[in-house]
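Trainee: sequence and computational prediction follow.
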Amino acid sequence: TYRFYKEKWEVYALKEIGHKKLTDVTLADLQKILRDNITQDVQIKNALSPFFSWCVAHKKIKENPCFNLKIKPKDKEKTEDDVWNFDEVKKVYKSLTFKNLYDIFIVLGVELGLRPQEILGLKWDKVFDDYVAIERAVKKREPEEFELGPTKNNTSKRYLPLTPFVKEKLELHRKNQQKRISKNKNYVDNNLVVADRMGNVPCIRYIGRYMKARAKTLGVAVIPPKNLRTTHISLMIALGAPLTV
């Protein structure tokens, strides 16, 4: 969280107001930053506010201007279109060949309810005959390097059973992945279940674009990668699983 908001501050705020004295920064200056980056206005405001609160506490300024910043109202509340139902999942599954880098990502999200960063941090040595061990998640990702750390809820391990379906698809994905490795001399084998063409952690935006294109082709709801987890939960509820489970 710290790194996320630090980047928002440095990339968006300092670029616009870094040349000004603190006392010369106006509400209009900050509002312009949000207006120019409308899709990230909430995150940028959340990055700005703690800094200005600190300034107030240390008597650098009189009040936090972020309290009066306005963000764009969101277009709509969440609806059932934000997840796939059983029929939509079946359509998607029928279209998956596992020759693509990211087909297995979809299956792991729907079947196991994993967070995107947990899927991207999953290594083959944590995939066993009848279960997977979820211990790490991607914390930082660059084109040619990545960093793994604890999962979001900081539990040491979670053990998730593998159904015959998931096990079969993992084996198919592994065979296709090994074929790609054998053909690419520059491939760096990081032992990742889901890897890009060079063996590194993929960019989540690319996965989102692939899912979007796939959904539009099949005529199912367009959902982001993170909503595979909520799809899993929704399907479990539809099957009658207690909410505590």
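Mentor: All right, it came through fine.

Trainee: with adjacent residues omitted, what lies nearest to Thr163?
Mentor: Nearest residue to Thr163 in three dimensions, chain neighbours excluded: Glu111, at 6.8 Å (Cβ to Cβ, 6 or more residues apart in numbering). (Glycine included, C-beta is placed from N, CA and C.)

Trainee: other residues contacting the helix or strand in which the one you found is found?
Mentor: Secondary structure here is read from DSSP states H and E; on that basis Glu111 sits in helix 103-112. Among residues not part of helix 103-112, those counted as contacts by Cβ atoms under 8 Å, 6 or more residues apart in numbering are 84, 89, 92-93, 96-98, 114, 116, 119, 122, 132, 160, 163, 165-166, 169-170, 173, 193-194, 207, 211, 225, 228-229, 231-232, 235.

Trainee: just stretch 86-100 next, same as before
Mentor: Contacts made with stretch 86-100 from outside it, assessed by Cβ under 8 Å, 6+ apart, are listed as 84, 103-104, 106-107, 110, 169, 172-173, 176, 210, 214-215, 217-221, 231, 235, 238.

Trainee: rerun that using 10 Å as the cut-off
Mentor: If you take Cβ atoms under 10 Å, 6 or more residues apart in numbering as the criterion, stretch 86-100 is touched by 81, 83-84, 102-104, 106-107, 110-111, 165, 168-177, 179-180, 210-211, 214-215, 217-221, 223, 228, 231-232, 234-235, 238-239.

Trainee: show me what contacts Leu120?
Mentor: Residues in contact with Leu120, defined by Cβ under 10 Å, 6+ apart, are 105, 108, 114, 136-138, 141, 146, 148, 192-195, 200-204, 207, 225.

Trainee: quick one: pLDDT of the residue nearest the centre of the chain?
Mentor: Computing the C-alpha centroid of the chain and ranking residues by Cα atoms, centre = their mean puts Pro116 first, at 4.8 Å. Turning to Pro116, the model gives it a pLDDT of 95.
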